[in-house]
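A.B. asks: Pasted the sequence and its predicted model underneath.
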Amino acid sequence: MLSTSAVKAQQTYADNFSTQAYNRNDGNTNWATDWIESGDIDNGPTAEYIQIQSNQLYMYWIWGENIQRTADLTGATSATLDFDYTTNSLGGTQQLGVFISGNGGASFNQIGTLSGNGSFSQDISGYISSNTILRFAKSDADWNSDDNASIDNLILSAIVPTDSDGDGVEDVADLDNDNDGILDVEECPFVPIVTQSFTSTNGTVITNTASNGRGNLYIDFISIDNSFNLTINGTDVATEFQFQPGAAGNFARFDTGFTYGQNGVPQLWSMTGTATNPMLRIIIDADGNLELFGAQSPAGTLLQLTLDTPPVTVPWNPSGSNTISIGQMLTGPTNMTGQLSFNEECDTDLDGILNRFDLDSDNDGIYDAVEAGHGQAHTNGIVDGAIGTDGIPNSVQNAPNNKLVNYTIQDTDGDGTADAQELDADADGCLDVLEASYTDPNGDGLLGGASLTVNTLGVVTSGTDGYTTPADGDSNTTFDFQEVGAIPTITTQPITTIICPGCSGDFTVIAGTADTYQWQRLDGLVWTNLTDSSIYNGTVTATLTITNPTPTNNGEQYRVLLGDLAYSCSQTTSNIATLNVSVATVITNRRITYRVNLN
């Protein structure tokens, strides 16, 4: 199977120095070079003045030595550098210098002077290039023999705008990344792989490590005093989320412009919700977009809240674990209770294309745009017409750019899984690919045979058909794969019939659910379909009429195949009935009567 991953909008170049090697790539994108030492006698990670020691990049007694590494940031619109550091004896003019070059090393600018212990974070967007170089060296004076510094958890993050569906809306802001008319959040049902209830008092930070890459995060607060902060993978998302009038922080306001404790809304600390109906909810999608909701009464309806300063895009790690920390600014007694839930991104058909980029999320040969149920025209699975700034086709919205769709995604069998993500949408036992009238020779529900390949849009390219208008056998405007069908049940079987030469007679079957019939005759060892002719009539109806049979037809066997036009997987076969052709039993000639044997 061909596997093609979606383009990532956030590139991370990282090194956690967990082995003594200069070629580690711990982010989702590889560095352009390894770490390169200069001026060190050893020029390797295991000895001398620059080395990797105790799972950290270690430097001591530095004079002219330095170490650097290059990243290709082509196409990035912003970039940040983050790492943790510890030092010993450094201070005054003897410090660690952090240098950056945006021209391949032709010149360097110092962006940090470090001593003591701490975390470094710096916007390096001004140095974005195809060969951005990070360098560590002394800041000013030569170090003494007991001067040293260690670097750990180094991450260079770059935002590279991507527009997977080419609609002019970057993926990070696009709510329908493949323009099939289905919201991305609907293409990945929320099934948490991590759930954590939390209780915190006096500023205790709640930390969770969610693995399996980026996904959707829900944080529900059942109760909270007045504020909280959220850090994900070392990035402070929005400073202090603040709900207390007059306090410091980033205020969250309802559409009225007021926050809690204003305009008749009670103070947040005075109310308590439930696990089902929390007081606050944060939702962060797979692109790192954060939305905040709050209730204005205990366990009330959640309403949209807007921060005075927009939150940053959450830096999910697409290929590894994510560290999520929830804390509070300690300005008195603090508390919060709630639950954190995280799910990973969805790839229903496991073809390497995430559902939100996949035009056929279950590989059944039916476009998601068709299975969605919105009924809008499409071209090769992409909804026709204008696309708004929210990335959603206008034709599936009541108002352009309102971030909502005007229909409910189709779930024909009501099992909680959308038709676009399951192989038997109506749960009638007949796979969608067959009910659509496509080929599935190995019976796995996927279009085509066992050697499956897809293109970058998730469309099966190895099938011989598919992606045409699905079958509607009974022409009732409902596709067969979304209409429950069944094998017809016969209530009255055809029975043996006696017909004389020159006469006519019938074979009849009664089945309440059947809407197709095909009468057959046994020809030697083979059952042959009948067509209307001089002797047969009604060969595709419930009643087969045989007119003027001859003695040569005597003993022939007949049966009928019954079908449901909305169910193409199987037919019902009736019992076998025999035709007996009989001459009259009494022949009268003038005044003499003869009795003869039948036949």
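C.D. replies: Nice, I can see it.
A.B. asks: for this structure, where's the lowest mean pLDDT among helices and strands?
C.D. replies: strand 592-595 (a mean of 48; mean pLDDT, DSSP states H and E).
A.B. asks: low-scoring stretches of the stretch 251-400 of the chain, by residue?
C.D. replies: 332 (pLDDT under 70).
A.B. asks: and the residue lying closest to N148 once chain neighbours are set aside, how many residues sit next to it?
C.D. replies: Nearest residue to N148, sequence neighbours excluded (CB to CB, 6 or more residues apart in numbering): Y60, at 3.6 Å. C-betas here are computed from N, CA, C, even on glycine. Residues within reach of Y60, counting by other CB atoms under 10 Å, total 20.
A.B. asks: Can you give me every residue that contacts Y60?
C.D. replies: Y49, W143, S145, D147, N148, A149 (CB atoms under 8 Å, 6 or more residues apart in numbering).
A.B. asks: Out of those residues, which end up buried?
C.D. replies: Among the contacts of Y60, the ones that count as buried by 16 or more other CB atoms under 10 Å are Y49, W143, D147, N148, A149.
A.B. asks: correct me, but D40 touches W63?
C.D. replies: No - between D40 and W63 there is no contact under CB atoms under 8 Å: 10.3 Å.
A.B. asks: More neighbours: which of those two?
C.D. replies: Legend: neighbour count by other CB under 10 Å for D40 and W63, higher for D40 (18 against 11).
A.B. asks: In three-state terms, label that one for me.
C.D. replies: coil (DSSP: H, G, I helix; E, B strand; the rest coil).
A.B. asks: Let me see the ranges of the helices in this protein.
C.D. replies: 368-371, 432-435 (DSSP state H).
A.B. asks: Format these as a markdown table; extra columns: mean neighbour count and distance to L330.
C.D. replies: Shown next, in a markdown table, are the helices of the chain (neighbours: other CB atoms under 10 Å; distance: least, CB to CB, whole Å):
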| stretch | mean neighbour count | distance to L330 |
| --- | --- | --- |
| helix 368-371 | 27 | 48 |
| helix 432-435 | 27 | 56 |
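A.B. asks: what would those look like in CSV with distance to T276?
C.D. replies: Converted to CSV, these look like this (distance: least, CB to CB, whole Å):
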stretch, distance to T276
helix 368-371, 30
helix 432-435, 34
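A.B. asks: And those: which comes nearest P278?
C.D. replies: helix 368-371 (31.7 Å; CB to CB).
A.B. asks: And that closest one, how far out from the chain middle?
C.D. replies: When C-alpha coordinates are averaged (CA atoms, centre = their mean, to the nearest Å), helix 368-371 and its chain have centres 15 Å apart.
A.B. asks: Could you do stretch 234-251 as well?
C.D. replies: So, by CA atoms, centre = their mean, the centroid of stretch 234-251 is 31 Å from its chain's centroid.
A.B. asks: same deal with stretch 420-430?
C.D. replies: 18 Å.
A.B. asks: Over to stretch 569-584?
C.D. replies: Worked out by CA atoms, centre = their mean, stretch 569-584 lies 53 Å from the chain centre.
A.B. asks: re earlier: let me have the buried ones among the contacts of Y60 in a markdown table, extended by distance to S129.
C.D. replies: Output for those, formatted as a markdown table (distance: CB to CB, whole Å):
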| residue | distance to S129 |
| --- | --- |
| Y49 | 29 |
| W143 | 30 |
| D147 | 32 |
| N148 | 31 |
| A149 | 27 |
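A.B. asks: contacting residues around L446?
C.D. replies: D349, D362, N363, D364, G365, L423, V433, D440, L452, V460.
A.B. asks: Which pLDDT value goes with it?
C.D. replies: According to the prediction, L446 has pLDDT 97.
A.B. asks: Against S145, how distant is it?
C.D. replies: 67 Å (CB to CB, to the nearest Å).
A.B. asks: And I128, by the same measure?
C.D. replies: 38 Å.
A.B. asks: do the same with D82
C.D. replies: In terms of CB to CB, D82 sits 30 Å off from S145.
A.B. asks: what do you get for E422?
C.D. replies: Distance from E422 to S145, by CB to CB: 68 Å.
A.B. asks: wait, I498 sits on V583?
C.D. replies: No - using CB under 8 Å, I498 makes no contact with V583, being 10.9 Å away.
A.B. asks: N398: neighbour count?
C.D. replies: Neighbours around N398, by other CB under 10 Å: 10.
A.B. asks: meant to ask about G445
C.D. replies: 18.
A.B. asks: re the thing from before, may I see the contacts of L446 arranged in TSV, with distance to S121 as well?
C.D. replies: Output for the contacts of L446, formatted as TSV (distance: CB to CB, whole Å):
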residue	distance to S121
D349	40
D362	43
N363	43
D364	47
G365	49
L423	47
V433	51
D440	53
L452	45
V460	45
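A.B. asks: From those residues, pick the one nearest S533.
C.D. replies: Out of those, the member with the shortest distance to S533 (by CB to CB) is D440, at 35.8 Å.
A.B. asks: so that closest one touches L447, yeah?
C.D. replies: Yes - D440 lies in contact with L447 (CB under 8 Å); the separation is 6.7 Å.
A.B. asks: Now list whatever residues contact both of the two.
C.D. replies: Joint contacts of D440 and L447 (CB under 8 Å, 6+ apart) are V433.
A.B. asks: What residues sit buried inside stretch 79-90?
C.D. replies: Applying 16+ other CB under 10 Å to stretch 79-90 flags A79, T80, L81, D82, F83, Y85, T86, T87, L90 as buried.
A.B. asks: if we can go back for a sec, out of the helices of the chain, which comes closest to F120?
C.D. replies: Across these, closest to F120 is helix 368-371 (CB to CB), at 44.6 Å.
A.B. asks: what helices or strands is that closest one leaning on?
C.D. replies: Applying 3 or more CB pairs under 8 Å, 6 or more residues apart in numbering; DSSP states H and E, one finds that helix 368-371 contacts no other helix or strand.
A.B. asks: quick one: contacts of it?
C.D. replies: Contact partners of helix 368-371, identified using CB under 8 Å, 6+ apart, comprise 178, 180-182, 187, 358-361, 376, 378, 381-383, 410, 418-420, 425, 432, 470, 479, 482.
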